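> return atomic coordinates for the entry below.
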Amino acid sequence: MGLRETINEHRGVTIGAAIGVAVLALLVAWQFTGTSATSNAASAQAFYTVDDGASYFTAPADKVPPFDYQGKQAYRAVVFTCDAGKTKFVGYLERYSPAAKQQIESSRTAVKKGPQDPAPPPTMEAAGVPEVKKPGAKYQWASRASAAGAQAAQVTCPDGKGMPELVEP
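This is a model prediction of the structure:
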């Protein structure tokens, strides 16, 4: 069986993998830009949750989840709407593995120090690929780049109608 036939036979997985690679590239670029007092990144916000998506709050987008928030672990909450913003819901949660989080934070520190102390390039596993899961899901977190992660990050409207739209803080 050739590559084209395999891709055609597993179209959903192929699309999920392509989206995962695109998200990975964007996240890596975003993670390694760092922040400065004059950049817009310092004022950018993201949604986070400490109760598995039952509620959410905003905090600076440069935080690397999970992080401690009022004594609880906070995870990024990816929020959607299906009715032009009248109601909002958490579609899935994101976090980084301890190794990825350490790599991201080390790279940010190196960027702030300047070119005299560059960080080594990250490995694929620690390059900032988040782990994802559905709110309230009992199963384990899965890499966003995996088939299970792609499935966890697929969001549908609660009523099954319409197309979910991403909500920005």
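> can you give me the buried ones in the lengthiest strand in the chain?
When the chain is parsed with DSSP state E, its longest strand is strand 72-81. Buried residues in strand 72-81, counting neighbours by 16 or more other Cβ atoms under 10 Å, are found at 74-81. In short, each C-beta sits where N, CA and C put it, glycine included.
> and what of stretch 44-53?
Buried, per 16+ other Cβ under 10 Å, within stretch 44-53: 46-50, 53.
> can you check stretch 102-119 too?
Applying 16+ other Cβ under 10 Å to stretch 102-119 flags 103-104, 107-108, 110-111, 119 as buried.
> what's the farthest-apart pair in the residues you listed?
103 and 111 (12.6 Å; Cβ to Cβ).
> count of residues packed around the closest residue to residue 53 other than its chain neighbours?
Sequence neighbours aside, residue 135 is the residue nearest to residue 53 in space, at 2.8 Å (criterion: Cβ to Cβ, 6 or more residues apart in numbering). By other Cβ atoms under 10 Å, the residues close to residue 135 number 18.
> quick check: residue 135 touching residue 51?
No - with contact defined as Cβ atoms under 8 Å, residue 135 does not count as touching residue 51 (9.1 Å).
> please pull out the lowest mean pLDDT helix or strand from this protein.
Across the helices and strands of the chain, mean pLDDT, DSSP states H and E gives its lowest value to helix 11-31, namely a mean of 57.
> immediately after that helix, which helix or strand?
Counting by DSSP states H and E, the next helix or strand C-terminal to helix 11-31 is strand 45-49.
> now do that next one: everything it contacts.
Outside strand 45-49, the residues that touch it by Cβ atoms under 8 Å, 6 or more residues apart in numbering are 55-61, 63, 65, 69, 74-79, 90, 93, 135, 167, 169.
> again, 7 Å this time
Contact with strand 45-49 is made by 55-61, 65, 69, 74-77, 79, 90, 93, 169, as judged by Cβ atoms under 7 Å, 6 or more residues apart in numbering.
> quick one: buried residues of stretch 162-169?
Buried, per 16+ other Cβ under 10 Å, within stretch 162-169: 164, 167.
> span of it from start to end?
22 Å (Cα to Cα, to the nearest Å).
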